[in-house]
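Trainee: coords below, sequence missing:
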């Protein structure tokens, strides 16, 4: 592929740091991607603007590895993230650290067996097959719809079936999904002015509508938990395994409130991150239809007209590479903030107590030192014959170290299945006149929903 043929999908316009800050303050939408200065894609370590608490971005794989491993317990999850999520998922594994995190992780580890693909693949297939019916109806009608919402519904359906044995079509599941959407649009927004002027560990008030949404979500999750508590022998899923968990020292189970905390994490992380990546994958397929043809050639050759089985998902290297490159350019978790509990030094940079320590898959995976043509979409990087040339530690869409996402394999297999089935059945056609730009919300999402329609694949 020549330089003139490189496809560079939407990205923020990189500006000088002071100008970038002024732009974000003027827009007022808390999109931290637009706060990143041009230098953030080139330096190993540097400041992100100027604030009372100090915000330092690390882009070197060795430094990132040290921070994420956190052998001395110096870098717990950021207070900003904890404040944003605590009303929704309480004191759960997603926000805890240290001994409390270890206790929770040990208790729920058995539930992770339900994330095994052999156990969950049938539920994935059932959800995808139901979704194919909906898309066939949309193809027949020609109706325009939201790509973002469609991917969220599909992945939420899969995770509902896996966690609670409940399809998304049930009233409770739909209510939970809609309130999660409100939450991620409104709650996980960083007030940049507050970030600049407030010290570390300051309270971050949430809007009343967000608190109300969190209360409704926890109420509905409680109903799903109660359905399992009242009929413990009826279910064999993630929820039932978490309910059965016991503290290894005391033998005490999770309380009802703790169950809502932990299962809320499974639902939240289990659908929103995958939906984010798939939204960008199908946008690229619509914007670059030659990739649709290339993926179809592989799918047709490997699967023919047969259903995409678990075994076949492992025989689609180009589809896998396409998804991995989408994750590189649009990592679902844009930033992984940590906070320094005490003065310390990492990679020669002295950090004061309370400093906001930023790990950004967004910049690490677009860094000029670790990637050639870093902003260009080139799935060939991730073909098996090319992966050995990649810089170790420069690709971390699922995190790193002890907190690596336990559902990484689940998400990748689910995404290959969805891509293969939807690609081979439909053409994806963008509505004209859309200005697509990425935004860092709870996940890396388009700032505005992407609208398109589908058509049946031409014979």
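Mentor: That came through, no problem. All values derive from a computational prediction rather than experimental measurement.

Trainee: what residue is smack in the middle of the chain?
Mentor: residue 273 (2.5 Å; CA atoms, centre = their mean).

Trainee: residue contacts, the spatially closest residue to that one that is not a sequence neighbour?
Mentor: Of all residues not flanking residue 273 in the chain, residue 332 sits nearest, at 3.8 Å (CB to CB, 6 or more residues apart in numbering). C-beta: built from backbone N, CA, C; applies to glycine. With contact taken as CB atoms under 8 Å, 6 or more residues apart in numbering, residue 332 is in contact with 272, 273, 274, 276, 277, 397, 443, 444.

Trainee: swap in residue 252?
Mentor: Applying CB under 8 Å, 6+ apart, we find residue 252 in contact with residue 246.

Trainee: and if you look at residue 74?
Mentor: Residue 74 sits next to 340, 341, 342, 344 when contact means CB under 8 Å, 6+ apart.

Trainee: could you rerun that using 6 Å?
Mentor: 341, 344 (CB atoms under 6 Å, 6 or more residues apart in numbering).

Trainee: look at it and give its secondary structure.
Mentor: In three-state terms, and counting by DSSP: H, G, I helix; E, B strand; the rest coil, residue 74 is coil.

Trainee: so what's it scoring on pLDDT?
Mentor: Note on residue 74: pLDDT of 90.

Trainee: return the set of buried residues in stretch 433-446.
Mentor: Of all the residues in stretch 433-446, those buried under the rule 16 or more other CB atoms under 10 Å are 438, 439, 440, 441, 442, 443, 444, 445, 446.

Trainee: quick check: the residue nearest to residue 273 is in a strand.
Mentor: No: counting by three-state DSSP, residue 332 falls outside a strand, being coil.

Trainee: got phi/psi on residue 358?
Mentor: Its backbone dihedrals place residue 358 at phi -100, psi 120, with angles given as degrees, to the nearest 10.

Trainee: from residue 174, how far out is it?
Mentor: Taking CB to CB, to the nearest Å as the criterion, residue 358 is separated from residue 174 by 36 Å.

Trainee: over to residue 32?
Mentor: 30 Å.

Trainee: name the helix or strand for the residue nearest to the centre of the chain, please.
Mentor: Assigned by DSSP states H and E, residue 273 falls within helix 256-287.

Trainee: ok, for residue 357, nearest residue in space, not its chain neighbours?
Mentor: With CB to CB, 6+ apart as the criterion, residue 357 has its nearest non-adjacent residue at 4.3 Å, and that residue is residue 338.

Trainee: which residues touch that neighbour?
Mentor: Residues touching residue 338, when contacts are defined by CB under 6 Å, 6+ apart, comprise 75, 78, 357.

Trainee: hang on, residue 338 in a strand?
Mentor: Yes: counting by three-state DSSP, residue 338 is part of a strand.

Trainee: ok, of the contacts of residue 338, which one's closest to residue 124?
Mentor: Proximity of the contacts of residue 338 to residue 124 (CB to CB) peaks at residue 78, which lies at 32.8 Å.

Trainee: with adjacent residues omitted, what lies nearest to that closest one?
Mentor: Ranked by CB to CB, 6+ apart and with sequence neighbours excluded, the top spatial neighbour of residue 78 is residue 337, at 3.5 Å.

Trainee: which parts of the stretch 301-450 of the chain are helices?
Mentor: In chain order, the stretch 301-450 of the chain shows helices spanning 310-313, 317-329, 361-364, 408-425, with DSSP state H, counting those that start in this stretch as the criterion.

Trainee: right, so of those helices, which gets closest to residue 235?
Mentor: Between residue 235 and the helices of the stretch 301-450 of the chain, the shortest gap by CB to CB is with helix 408-425, which sits at 18.7 Å.

Trainee: report the buried residues of that closest one.
Mentor: Buried residues in helix 408-425, counting neighbours by 16+ other CB under 10 Å, are found at 410-424.

Trainee: go through those and name the one nearest residue 125.
Mentor: For the buried residues of helix 408-425, the residue nearest residue 125 by CB to CB is residue 417; the value is 7.2 Å.
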